[in-house]
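Colleague: give the three-dimensional model of this entry:
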Amino acid sequence: MSVQQILLALSGNSALLPVHVDELIATDDPAVSRELAQEQCLTPAQIERLAASGTVMSCWH
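Modeller: Numbers count the residues shown, from 1 in each chain. Below you'll find the model as predicted:
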């Protein structure tokens, strides 16, 4: 399993703590960012960071 696959699997885990979501956002990986935007209940600051990175927010929690 590649690092990319592991990061994608983690980003789809709704039990992640906000600090772990922040770490995944910090990877600046577009696929991970898209997965986070779709799967996580994000804080306003996390939404801003994803939006600033160019990630399209396809759903709002």
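Colleague: report the central residue of the chain.
Modeller: By Cα atoms, centre = their mean, the mean C-alpha position of the chain lies nearest to Leu36, the distance being 2.8 Å.
Colleague: check contacts around that residue.
Modeller: Residues near Leu36 by Cβ atoms under 8 Å, 6 or more residues apart in numbering: Ser11, Val21, Leu24, Ile25, Leu42, Gln46, Leu50, Thr55. Backbone N, C-alpha and C define where each C-beta goes, glycine included.
Colleague: average pLDDT across the helix or strand where Leu24 lies?
Modeller: Using DSSP states H and E, Leu24 sits within helix 18-25. Here helix 18-25 scores 93 as its mean pLDDT.
Colleague: roughly how far apart are the residue nearest to the centre of the chain and Thr55?
Modeller: 8 Å (Cβ to Cβ, to the nearest Å).
Colleague: secondary structure element holding the residue nearest to the centre of the chain?
Modeller: helix 30-39.
Colleague: give the buried residues for that helix.
Modeller: Within helix 30-39, the residues that qualify as buried are Val32, Ser33, Arg34, Glu35, Leu36, Ala37, Glu39, counting by 16 or more other Cβ atoms under 10 Å.
Colleague: what is the lowest-pLDDT residue among those?
Modeller: Of all of the buried residues of helix 30-39, Glu39 carries the lowest confidence score, 74.
Colleague: residues contacting that residue?
Modeller: Taking Cβ under 8 Å, 6+ apart, one finds Ser11, Gly12, Asn13, Ser14 in contact with Glu39.
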